[in-house]
Structures are given as structure tokens and as C-alpha cells.
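**Student:** model the structure of this input:
(one chain, ligands or ions: 2)
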Amino acid sequence: MHDDTDHQISRIAVLGATGSIGTQTLDIIARRPDRYRASVLAAGSRVDALIELCRRHRPALAVIADTTQYQRLRQELEPLGIATAAGPEALADAVERPDVDMVVTATVGYSGLVPTIRAINAGKDIALANKETLVVAGEYITRLLRNSPSRIIPVDSEHSAIYQCLQGEDPDTVSRLIITASGGPFRSWSADRIATATAADALRHPNWSMGAKITIDSATMLNKAFEIIEARWLFDIDPQRITAVVHPQSVIHSMVEYVDGAIKAQLGVPDMRLPIAYALGYASRATNVSAGLTMAQMAQLTFEEPDTERFPCITLARKALAEGGNTACIINAANEIAVAAFLRGDIAFGHIYRAITDTLARVPFIAAPGFDDYVATNSEARAVAADIITHYKA
Ligand code: NAD
Ligand code: MG
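**Tutor:** Numbering: from 1, shown residues only. Ligands and ions are numbered 1, 2, ... in the order given. The predicted structure follows:
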């Protein structure tokens, strides 16, 4: 919880500190020592990067999810008076600490779920980068939020844009959310060429520099499906009122249309530090975060319909939201396995969508999942996907 009268400094736990969002978050924190302090830094397995960040940012606690890296973390940080811990459980425990006001969820994939639930139950505010949490269990998380003082402020650029456009408006007057998509590196490629694209091709995103997993999700456009699901839960809106449009310049970060026909858009250079700073400041504006847009950059704004033939993954949003239950959890798990296999060179790019639909056909549907069902579905879908892809030929 954040209360300016209690203390001026917001104490932040950065989960996924060594990643793309994590390091940019720490940049913002470091620039404003009068407003922010990193009290917890947590990472997956890159222990050397985590140690380096801890030397610079001096958190009270450092956590590494990969327990095999713990000895090294402890040896390096203990002399500096920084407490250390290891394992996914320790990472989730860390969010509950009294010296944490806000949790930045910037780990990748399913790993964001439990720490987010624990943060909500502990009444901590959340700057949410890990969209997979709302994909996996959006309905469940939304229910938890109703009984908690926690606030979720989106970090994802599209959702930050929508959040900004909604300020001062009556939610009942929203007619449509328009989520923009860059189209990814394969926007103008033929279906045949896309099917056999390499990891190096898929990792070459035209506008954003991000972690590998989300970059592949952008190339398949599953990322946009995930963002539609994320928007459905964040803004409690009928999925029929959410549309996606390809906007290759990534200048308009998303738009909200109102019942009178007016459309509000948020524009800016593609720089994640903008939505990160906006979220850390509880939807307030910081100074000098990013370069402004020039008129020349705004001169050519173009829009296209997403091509569902070449990018079938985008259709999975409608399927997931229409079916509800554990469908999106299955999609997310299968995708995590398929993307990792694609990055290793084990399967072709075109196999990612196939792995998701084949897994959906084999994992039982659960209409009203509880927490244990999400855990079980995630494990089962991962195992099924891992088995299925061994039968694909790269
Ligand atoms: P990244 O790969 O650059 O960094 C991921 C971080 O998570 C690293 O610190 C890694 O150590 C940690 N991590 C990975 N697996 C973990 C696990 N099992 N347990 C604990 N920690 C783990 O990823 P990123 O691009 O920074 O993305 C982070 C999240 O933010 C993703 O959910 C992504 O969809 C979302 N997001 C990212 C961007 C962006 O510009 N990078 C934009 C919007 C949303
Ligand atoms: Mg986004």
C-alpha cells in the first residue's frame, strides 16, 4: 500500500530484476532516490547479473529462483550486508515483506502467478509487466483484487496507454478499446517464409528491444492475443469491445473509443521507461523520462487489419475468452514449451501455433478452475506440449 503521508519513499521489489523490464525499472529508481528505493531484487538464474545489480542498488534482500546459484549469491552479497535467499518459494515470500510497498512483476511466463497472488493477499500494490499472470488466471486474480486494497497499474505499453486514456472518464461511456500491434518482424513476410523462419529472424523485432520470449510472442502475434486477454481483465470489459489493429510505427500505443464517437490515443516513442515510470509513480508523470516525439515521427501513422491467416495465434484470444476456464492457462503453458523449443532450434516457427492447438485438444477443460487447478493444468499442459513437439520435424 502506498500512502504519501506515511513515507515519501516508495520501496519496491523488482521481480525479474536482470531482465529487459527489470533493468529499465532500476534505471528509473536510481534516477529518483528521493522517491524510490529498490528493497528486493529477484532474478531467475543469472546470478552474476543479479550480484552486479545488487552492488549498485543495495537492496535489503536478493533472491535467486535457481537454487544451484545460491552459494555464489550469498558469498558475494553477505559481506555487503545484503540478505539472500533462493528458490521460487523465497521469491514469493519476498513480496510480503514490510519494507515492500510496490511489487514490479517482470519475470517471464507462469512464474509471475504465485508472487502476484501473494502480493495481492498481502495488500501490496503491483506494477504489472508479467501479462502471463492475467492470461493464466485473469478471472481468479480479478476476484482476489476485489477483496484487497492492492492496486494493479499496468506496465505493458498498450495497457498503460489505455489506462492513461481512461483517466477522468466514466467507464460506462467506453465503447471500444483499440490495442495497437507493431505486426512484428514478419508483418510483410509470406506464409511460407514465416513457417520456416529462424530464431535469429524472429528475434529481430522492428521497434522494441525486449526479452527473447516476448519477442517470439510478438513474431507469432500471440503477444497481441495475450494483450487482449490482459485488457479484458484489467479493465473489466466485454471482450467483444476489444479490437487489435496493426500499426507498424508503434507511435500510438493504444486507443479508447467513447460512446460519443471520440477516440483518445496515447502517443510516444517506443520506450518502455515511459510506462514503467508512469506505473511506479502511481499513474503520475515524471520529468525527462524519454525523448519526445517529433512531428516527423507523427507524420506517417498507418493501420492495417491483423492477418489471421498468416498469424493464427491472434485468434486464440477470442477462443480463450469465449471458453474461459483453464483454456488460456493451457495456451500459455503450451506456448512457453513451444517457444523454448523453437529458440533451441528443435521445432520450426510454424510449429508454435500447432503445438498450442494440439495441446488444447489433449488437456481436459475445467470450467471453473481454482488455484490448484491452474497449477495442475500448467504442469499437465507443459508435459503434453513437450511430448507433442518431439513428433514434429524441425
Ligand atoms: P527478460 O527475459 O528480459 O527478463 C526476465 C526476467 O525474469 C529476468 O530477470 C529473469 O532472471 C527472470 N526470470 C525468468 N524466469 C524466471 C523464473 N522462473 N523465476 C524467477 N525469475 C525468472 O523478459 P522481459 O522482456 O523483461 O519481460 C518480462 C515480463 O514483462 C514478461 O512477462 C513480458 O511479457 C512483459 N513485458 C515485457 C516488455 C518488454 O519491453 N520487455 C513489454 C511489455 C511486457
Ligand atoms: Mg505490449
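**Student:** going forward, measure contacts and count neighbours with C-alpha atoms only.
**Tutor:** OK.
**Student:** ligand 2 contacts on the stretch 101-250 of the chain?
**Tutor:** Asp156, Ser157 (CA under 5 Å from the ion).
**Student:** can you list the residues of the stretch 101-250 of the chain near ligand 1?
**Tutor:** 106-109, 111, 129-132, 156, 210-212, 214 (CA under 6 Å from any ligand atom).
**Student:** between these, which sits nearest ligand 2?
**Tutor:** Asp156 (4.7 Å; CA to the ion).
**Student:** residues in contact with that closest one?
**Tutor:** Leu128, Ala129, Lys131, Pro275 (CA atoms under 8 Å, 6 or more residues apart in numbering).
**Student:** how about the last one, secondary structure?
**Tutor:** Three states are possible here, and by DSSP: H, G, I helix; E, B strand; the rest coil the one that applies to Pro275 is helix.
**Student:** how far away is the closest residue to it other than its chain neighbours from Ala320?
**Tutor:** The shortest distance from Pro275 to any residue other than its chain neighbours is 5.3 Å, reached at Val155 (CA to CA, 6 or more residues apart in numbering). Going from Val155 to Ala320 by CA to CA, to the nearest Å gives 22 Å.
**Student:** looking at those two now, which is surrounded by more residues?
**Tutor:** Neighbour count, other CA atoms under 10 Å: between Val155 and Ala320, Val155 has more, with 29 against 20.
**Student:** just the pLDDT at the more buried one, thanks.
**Tutor:** Looking at Val155, its pLDDT is 98.
**Student:** you'd agree it is up against Ala283?
**Tutor:** No. Under the criterion of CA atoms under 8 Å, Val155 makes no contact with Ala283, lying 10.5 Å away.
**Student:** residues near the residue of the stretch 201-350 of the chain at minimum distance from ligand 2, how many?
**Tutor:** Ligand 2 sits closest to Glu227 of the stretch 201-350 of the chain, with a gap of 6.7 Å, by CA to the ion. By other CA under 10 Å, the residues close to Glu227 number 26.
**Student:** and the pLDDT at it?
**Tutor:** Here, the pLDDT recorded for Glu227 equals 98.
**Student:** Phe303 now?
**Tutor:** 98.
**Student:** residues near the residue lying closest to it once chain neighbours are set aside, how many?
**Tutor:** In space, and not counting its chain neighbours, Phe303 is closest to His247: 4.7 Å by CA to CA, 6+ apart. Using other CA under 10 Å, His247 has 21 other residues around it.
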